[in-house]
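Asker: Have a look at this prediction, sequence included:
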Amino acid sequence: MARLHRKRGRYLPPRGVKLIRVPKNPHKLTTNSGGKVRSKLEQSCADYFSSSGIEFQYEPLMLLAGRQYRPDFYLPKLGVFVE
């Protein structure tokens, strides 16, 4: 097994060794409409939107003031972000 080098408070592998990246918060829960979400609150919101016939986008990538932002939901017909 490769030894890890400590640099700036973090342990880094030697050059040429790739580590598997694990997402910080993967999509674990499934909504009634079949979509994947990260939390129970997002699951209940997505279920409410779909049962009420409200069109929504889950975690769309937005650019605001030159920075990337991912709100929980975007309601395109209303032009509203739900966080």
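Answerer: Happy to help now that I have it. Numbering: from 1, shown residues only.

Asker: Enumerate every residue touching the spatially most central residue of the chain.
Answerer: Nearest to the mean C-alpha position of the chain, by Cα atoms, centre = their mean, lies E59 at 6.4 Å. Residues counted as contacts of E59 (Cβ atoms under 8 Å, 6 or more residues apart in numbering) are R70, P71, D72, F73. Bear in mind the C-beta positions are built from the backbone N, C-alpha and C, glycine included.

Asker: make it 6 Å
Answerer: Residues near E59 by Cβ atoms under 6 Å, 6 or more residues apart in numbering: R70.

Asker: ok, it to S39 distance?
Answerer: E59 sits 12 Å away from S39, taking Cβ to Cβ, to the nearest Å as the criterion.

Asker: do the same with A65
Answerer: In this view, A65 and S39 are 26 Å apart by Cβ to Cβ.

Asker: buried ones in the helix or strand hosting S44?
Answerer: Using DSSP states H and E, the element containing S44 is helix 40-51. Buried positions in helix 40-51, judged by neighbour count with 16 or more other Cβ atoms under 10 Å: E42, Q43, C45, A46, F49, S50.

Asker: Would you confirm that the second one contacts V37?
Answerer: Yes. Counting by Cβ atoms under 6 Å, V37 is a contact partner of Q43 at 5.0 Å.

Asker: Now the common contact residues for the two.
Answerer: L29.

Asker: Strands of this protein, residue ranges please.
Answerer: 5-7, 10-12, 29-30, 36-37, 57-58, 62-64, 67-69, 73-75, 80-82 (DSSP state E).

Asker: Identify whichever of those lies nearest to L19.
Answerer: Judged by Cβ to Cβ, the one of the strands of the chain that comes nearest to L19 is strand 10-12, at 9.1 Å.

Asker: Quick check: mean pLDDT of the closest one?
Answerer: Taken as a whole, strand 10-12 has a mean pLDDT of 68.

Asker: residue ranges with poor pLDDT in this protein?
Answerer: The model of the chain has pLDDT under 70 over residues 1-13, 22-23.

Asker: do that again at 80, thanks
Answerer: The chain contains residues with pLDDT under 80 at 1-27.
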